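J.: Build me a structure from this.
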Amino acid sequence: MFPDVFQRIQQSVQDGRWELIGGMWVEPDCNLISGESWTRQLLYGKRYFKEKFGVDIKIGWNPDSFGYNWNMPQFYRDAGIDAFITQKIGWNDTNMFPYRLFWWQGPDSSKLLTYFPNNYVNEIKNPYSLVDWLRQFEANTGFKKMLVLYGVGDHGGGPDLEMIDRIGKLKKLDVYPNVVYGTAGEYLEWIRSHDLSDLPVWDDELYLQTHRGTYTTQAKVKKYNRKLEILLRNFELLSVIARPFGMQVAAREFEALWRVLLLHQFHDDLPGSSIHQVYEDTLNELGTAIQKAQEGIDHALDKLVEKIAAPENSVLLFNPLSFPHKGVVEMDDADPVEVRSLRDDDGNFIPFQITEKNSFLFVSNEVAPFATSVYRTSRAPSANKPSSLKYSGLTFENRFFKLELNADGTIRSLVDKRNNREIIHESEAANVMELFQDGPDTEAAWNVHDTFDRRQYPLNDDTTIEVVETGPVRLVVRVRRTFRSSKMKQDIILYDQLDRIDFKTWFNWQERQVLLKVAFPVQVLSKKATYEIQFGAIERSTHRNFPIDQAQFEVCGHRWIDLSEADYGVSLLNDCKYGFDVKRNKLRITLLRGSDMPDPTADIGEHEMVYSLYPHHGRWTDALTVRKALELNNPLLSRVKRNETGTIQKITSLFSVSKPSVILDTVKPAEDGRGIIVRLYEAHGSRGQVPITTHSTIKSVEACTALENKIESDIKAHNNSFEFQIKPFELRSFRIVLE
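T.: Reported below is the predicted structural model:
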């Protein structure tokens, strides 16, 4: 838009007068974005700096993000960034962070040199404080040189003339420490000239002990973000699979959509801490990108359907996940009036159900990873199969669970029939909506308060409960409630063939300065709960023994949280939420807030969400909770075949991974058009050999970085497979060329 200004910036970079740092597309929120979003922020960001300025960014720079997830050392190192600078952890409200210079270690053992300057911005108004900072820094690190960040910062940018004048006067004082201008790169180079082997190691997340409300504020933006992350992933995957059948999508088309998503992952946009006008633009632009990504997926599925030989009106399923998936299929275009029976590939009858909305619903058999399966419909009636679903009064059952509700719609009892175990804690109810005072606060969008110290509001006593669907596939119990000025409608869903309970929930939310959580007190005891993070998981305390535990009264997670004993546990899955807490035996999701600053209308209106209860034998790793959460978030894709064209029987698995703890997350065209990039991560904290198999002969395979640069390795392909070693929570990428 201003080419002359941009040219002057380029010249300043060449002259060494402008230091480039960060390397990401924007400075994103570091907690909420997915692992693949992290990769794209770095891929597109670093490539831009290289193309426009000829600079390979080496310093990670996130001065205003609201905490830093545990996997950032791995993400940064994988992208060629070897140091990280922020001062934000100095904002902690409970504990002072113990280090200024340290190695930050991720769950895969990646280490990143990390430096914390003393303050957010420094206007050089108090020279005595600088001396005190230097004294503290030397005592903390042993180093006598300290990097100070100066400038106006937020809403102002770089240093002003008055500030530079004050620095000039300090430089002339003989009794004052020596003051020199320099760059972060020069300072880190000086640091690295010393022996750093004795630097302390921080092997954990960098949790920011403030601004915890950003995990929840502006819920629609967070839902759109999760949805678009999944759609872009599926679009790229399907474009690879459909390419042999005539689908051509250039990498730049994907990048254009990714750029929209990456832009709105900015650290005051996605967290919900922007003004109202921002969210008018954000929801509009994300909504348009969602529509375009869905159109791309539809086009790819149409290409696959066209090539598969199957009878007219057959239902074709595609599994977008890297493991076998048995899941719910609900279709609006299957002409349910005409369908009287459904058969699988082997001719077996599959129970189906016409829903309240007149859609066509069934639970599939397992569909192979990245593959298709065909189900044939018929007007002839099918043989009836017995269903385990039944109810009497407020008691509901399937083959897995016996569920009893209270008159207010909360859960009185939930028995796991397989393990003969009561799940809900005695004398407490579960699926309880808890309303808390949430303000006033001068930074309302940013901050949420410890609910254990807040006023709790009573719920209205106007519950209605009705069974709205019964059939061979699922039983749906609808609960309606009002909360102050807001309304809730929730469908509690039990399936005949699935061992999870879904809570499909709708709110018309009208509250201000009110926070809403849903609570599940369970009969499980553990000092640690586990939360999903980007391409990994983290354990956090369920007690409040120490100040650091007390400060983490609200934490960030992604698609699941879990509380497990040695032989049994309960996972809580979700499709669009990020704020959680687990204290003692109670798992809670923060569903909605009513912040009134800087957007006085934040979150007012309608919201839809799904969370699911998944009780399981063993720990979360034994129960494959990661897979269950992926199935909820990225269900089977379906299409009806309207004609009998086609020459192949099915699309077989593009890739198959035999190690259960390894998730093949990303399949995409290489940025340079040479082959396919696949990205995998180890999700359970285990190590071992990982065999990868594909349906085609592999011409070549090479390990690569997140930036798709080759890594020297001894990996060799053998016909249609290759193997590699993986470490706990390690992220690996490969470039594969197929025949």
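J.: From here on, just use CA atoms for contacts and neighbour counts.
T.: Fine.
J.: Quick check: neighbours of the strand ranked longest in the chain in the sheet, parallel or antiparallel?
T.: For the chain, the strand that runs over the most residues, judged by DSSP state E, is strand 605-617. According to DSSP bridges, strand 605-617 forms sheet pairs with strand 501-509 (antiparallel), strand 568-574 (antiparallel).
J.: Next, the buried residues of the longest one.
T.: Applying a neighbour-count criterion of 16 or more other Cα atoms under 10 Å, one finds 501-509 buried in strand 501-509.
J.: about what we covered before: residue 20: which of the strands paired with strand 605-617 is closest?
T.: strand 568-574 (38.5 Å; Cα to Cα).
J.: now the strands for the stretch 351-500 of the chain?
T.: Listed in chain order, the strands of the stretch 351-500 of the chain (DSSP state E, counting those that start in this stretch) span 352-354, 360-363, 372-378, 390-392, 395-397, 401-405, 411-416, 421-422, 432-437, 456-457, 464-469, 474-483, 486-495.
J.: and the ones you listed as CSV, adding distance to residue 639, mean pLDDT and mean neighbour count?
T.: Formatted as CSV, those follow (distance: least, Cα to Cα, whole Å; pLDDT from 0 to 100; neighbours: other Cα atoms under 10 Å):
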stretch, distance to residue 639, mean pLDDT, mean neighbour count
strand 352-354, 16, 94, 20
strand 360-363, 12, 96, 20
strand 372-378, 10, 94, 22
strand 390-392, 31, 98, 14
strand 395-397, 31, 98, 19
strand 401-405, 32, 98, 21
strand 411-416, 35, 98, 20
strand 421-422, 40, 98, 14
strand 432-437, 37, 97, 20
strand 456-457, 46, 94, 15
strand 464-469, 24, 98, 15
strand 474-483, 21, 97, 21
strand 486-495, 22, 98, 20
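J.: okay if I get these as CSV plus distance to residue 154?
T.: Below are these laid out as CSV (distance: least, Cα to Cα, whole Å):
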stretch, distance to residue 154
strand 352-354, 55
strand 360-363, 52
strand 372-378, 51
strand 390-392, 59
strand 395-397, 55
strand 401-405, 51
strand 411-416, 48
strand 421-422, 53
strand 432-437, 30
strand 456-457, 36
strand 464-469, 50
strand 474-483, 38
strand 486-495, 36
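J.: To residue 158, which of the ones you listed lies closest?
T.: Distance to residue 158, taken as Cα to Cα, is lowest for strand 432-437 among those, at 39.2 Å.
J.: And the contacts of stretch 163-179?
T.: If you take Cα atoms under 8 Å, 6 or more residues apart in numbering as the criterion, stretch 163-179 is touched by 123-125, 127, 131, 151, 180.
J.: buried sites along that stretch?
T.: For stretch 163-179, the neighbour count (16+ other Cα under 10 Å) marks 163, 167, 170 as buried.
J.: Between the two ends of stretch 435-453, how far is it?
T.: Stretch 435-453 has its terminal residues 13 Å apart, counting by Cα to Cα, to the nearest Å.
J.: how about it: buried residues?
T.: Quick answer for stretch 435-453 (16+ other Cα under 10 Å): 435-439, 443-449, 451.
J.: Residue 110 is in contact with residue 74, isn't it?
T.: Yes - the criterion here is Cα atoms under 8 Å, and residue 110 meets it with residue 74 at 5.4 Å.
J.: of these two, who's got more company?
T.: A count of neighbours by other Cα atoms under 10 Å puts residue 74 above the other of residue 110 and residue 74, at 23 against 19.
J.: Mind telling me what element the more buried one is part of?
T.: helix 72-78 (DSSP states H and E).
J.: Pull the residues that contact that helix.
T.: Helix 72-78 has contacts (Cα under 8 Å, 6+ apart) with 38-39, 60, 82, 104-106, 108, 110-112, 705-707, 731.
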